[in-house]
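1. Structure for this input, please:
(one chain, ligands or ions: 1)
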Amino acid sequence: MATPDPRIDLSREQLLAVGSPQARLYVEAPPGSGKTTVSAQRFGLHRFARTADHRAVIAVSFTRSATAEIRNRVLEHWGPTALAWPHRIVTLDTLVHQLLNHLLRSELLQWPGGHLELRVLDSWQSHLPSIYAFNRPVLELHGNRIAPGIVRESRRGPTIEQEAFETAVSEGTCTHEDVRSVLAAALDSHTVRTELATFLTRSVRSLIIDEIFDANLLDLQVVTLAARAGLAVTLVGDPWQALYGFRGARPEQVPILMDHEGFTRQSLHASFRFTDEPQRLLTRRLRRKEPAVVDDGDVSQVNVVLARKWDALWDTDPRVLPLAIRSPSGQFQEAATTLLLSLMTDRAFGIGAVFANDALTALGITDSQAITRLQPRLQTILDSLAGDEDLDAVRNALNTTIATESSRKAPKRDRTHIARLENLRARLRLPDDQLVPGLTCHQAKGREWDRVGVHLEEPDREALRAGLDHTRETHRMLYVALTRARLLSLAV
Ligand SMILES: Nc1ncnc2c1ncn2[C@@H]1O[C@H](COP(=O)(O)OP(=O)(O)OP(=O)(O)O)[C@@H](O)[C@H]1O
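-> Here you go, the predicted model:
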């Protein structure tokens, strides 16, 4: 999903995929072959088809950034009327929410308090204080009635108070996860499936799903429902780039669904990304599961360093400045350090930390003026961190500063926090022009750079020597990382 060039001419194989008359089409597209390009063009073609059929053309992807990328390409190429209602480009979460709304309005399901419209949050963090507990509040389905319940987890984790959850739900507020769990339970009912199929048939003529290999079982049920409801369904994806097993993605189920529902496959082969022959050869070997060796390089030779985990990036060369502390967990200290990191990445690369907004949410800081007030004070803390100030003192100053704008409480002692400040200090002591951004494979998916350094550990090198196996997620992460560069990838 690199910066699109609206003037590019589609290749023959891209044109065949975009214009395919098949109602159930699967476009398999390896890295850089134009997955996003094809999704956007097929959306436009279906949208502006000469037809008296006024039902919607909908394109979906899984993340907001991927959805925005398709939307931008559609707007650039086809203009704003492409998105005149009911045609739309949304996340799969939004589509799932719309299906649940329909079930509420048609009274097949009943929300506590009788709500027909819901306010759906990304997470409870921004709305209610987090607690650590074994018990997690959930929504259950009893007949057609949705009701709050509790599940007991095997480990304590961040959650919210049961009572607060019940109040919010009775006011019509919930999270996308709640919406998904209710719809998944509701789809067990034949009546619900029939109603949703009728709704889809009446309102949608074409559904295009990008990155289909990131779909979980509920997503795949929605795809099956749409295909059986007679919609034109286009699935676009690459089985080698499925990375979201940890979020419930079931890439191994996608070919089964496609066989079962009779999808026709159209493959793209040519990549427009790899501009030098050694990189093209490397990526070809990887995809053919042949043994491959990645040459060692130095951080100074690359535009970005990629690794599987944020921790690995922090533990590598200090010239690598990772764009996140770790995946957001809502903890105070991690969020506070993320705000410091964001100032550093902004100064070095002109971009904020990846989870800066999540950090503000976790700290309950939503007012833009509060953010503006914090900036110079955080900068002062960074200046003392760059010097010789005791790290405990820096941590205290950071907590005190955040407390002036946040009602959340800082924990008393936290060794991890001191280690994180030490990591920032090591980078602060280097000149900005020596720093190189570090990203995880997940964050790098869909993106491209001229020169990419991949942080390889011994098991990775072994996997490469033996040939990658695309049924293993760790191998797919390596594959995604090694296919982001236009020029030859290096091991760092
Ligand atoms: N027909 C074409 N001619 C020239 N360049 C193209 C063509 N199609 C796509 N590209 C360019 O190739 C690059 C990759 O395209 P795109 O991002 O759509 O690929 P992708 O399959 O989504 O990549 P990935 O799988 O790695 O996410 C972009 O820079 C895009 O502008």
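2. Phe213 contacts Leu235, correct?
-> No: counting by CB atoms under 8 Å, Leu235 is not a contact partner of Phe213; they are 9.1 Å apart. C-beta here means a position set from N, CA and C on the backbone, and glycine is covered the same way.
3. Give me the common contacts of the two.
-> Taking CB atoms under 8 Å, 6 or more residues apart in numbering as the contact rule, Phe213 and Leu235 both touch Val254.
4. Now the element after the worst-scoring helix or strand of the chain on mean pLDDT, going C-ward?
-> Across the helices and strands of the chain, mean pLDDT, DSSP states H and E gives its lowest value to helix 356-362, namely a mean of 88. Following helix 356-362 in sequence order, the next helix or strand is helix 368-386 (DSSP states H and E).
5. Once you drop chain neighbours, what's closest to whatever residue of the stretch 251-400 of the chain ends up closest to the ligand?
-> Going by CB to the nearest ligand atom, the ligand is nearest to Phe272 of the stretch 251-400 of the chain, at 3.3 Å. Here the nearest residue to Phe272 in space, its sequence neighbours aside, is Gly32; by CB to CB, 6 or more residues apart in numbering that works out to 5.5 Å.
6. In this structure that neighbour contacts Ser271, no?
-> Yes: at 3.9 Å, Gly32 and Ser271 qualify as touching, with contact defined as CB under 8 Å.
7. all helices for the stretch 151-300 of the chain, in order.
-> In the stretch 151-300 of the chain, the helices defined using DSSP state H, counting those that start in this stretch lie at 162-170, 176-186, 190-203, 217-228, 253-260, 277-287.
8. And the third one, what's buried?
-> Looking back up the chat, that one is helix 190-203. For helix 190-203, a neighbour-count test (16 or more other CB atoms under 10 Å) marks Val192, Arg193, Glu195, Leu196, Ala197, Phe199, Leu200, Ser203 as buried.
9. on contacts alone, who are the packing partners of that helix?
-> On a contact count with 3 or more CB pairs under 8 Å, 6 or more residues apart in numbering; DSSP states H and E, helix 190-203 meets helix 92-105, helix 217-228.
10. That helix: how far from the chain's middle?
-> 29 Å (CA atoms, centre = their mean, to the nearest Å).
11. Convert the C-alpha atoms of that helix to CSV, please.
-> The C-alpha coordinates for helix 190-203 follow below in CSV (Å, rounded to 0.1, in the frame of the first residue of the first chain):
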residue,chain,number,x,y,z
HIS,A,190,-31.3,-20.1,10.9
THR,A,191,-33.9,-17.3,11.2
VAL,A,192,-31.1,-14.7,11.7
ARG,A,193,-29.0,-16.1,8.8
THR,A,194,-32.0,-15.9,6.5
GLU,A,195,-32.9,-12.3,7.6
LEU,A,196,-29.3,-11.2,7.0
ALA,A,197,-29.1,-12.9,3.6
THR,A,198,-32.3,-11.1,2.6
PHE,A,199,-31.0,-7.8,3.9
LEU,A,200,-27.7,-8.2,2.0
THR,A,201,-29.5,-9.3,-1.2
ARG,A,202,-31.8,-6.2,-1.0
SER,A,203,-29.1,-3.7,-0.2
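12. Name the residues of the strand ranked longest in the chain that are buried.
-> Ranked by residue count and defined by DSSP state E, the top strand of the chain is strand 145-159. Of all the residues in strand 145-159, those buried under the rule 16+ other CB under 10 Å are Ile146, Pro148, Pro158, Thr159.
13. Let me see the residues that make contact with that strand.
-> 109-112, 124-125, 130-141, 162, 165-166, 169, 182, 329-330.
14. Name only those of these that count as buried.
-> 109-112, 124-125, 130, 133, 136-137, 139, 141, 162, 165, 169, 182, 330.
15. looking at it, Val305 is touching Val320, isn't it?
-> Yes: applying CB under 8 Å, one finds Val305 in contact with Val320, separated by 4.8 Å.
16. if I look at those two, which residues touch both of them?
-> With CB under 8 Å, 6+ apart as the test, Val305 and Val320 both reach Val299, Leu313, Val436, Pro437, Gly438.
17. Contact partners for Asp315?
-> Per CB under 8 Å, 6+ apart, neighbours of Asp315: none.
18. residues from the stretch 301-450 of the chain in reach of the ligand?
-> Contact residues, the stretch 301-450 of the chain versus the ligand (CB under 6 Å from any ligand atom): Gly446.
19. Give me the most central residue, this structure.
-> Thr63 (4.4 Å; CA atoms, centre = their mean).
20. Kindly list the main-chain dihedrals of that one?
-> Main-chain torsions, Thr63, degrees, to the nearest 10: phi -110, psi 160.
21. Now it: closest residue in space that isn't a chain neighbour?
-> Thr91 (6.9 Å).
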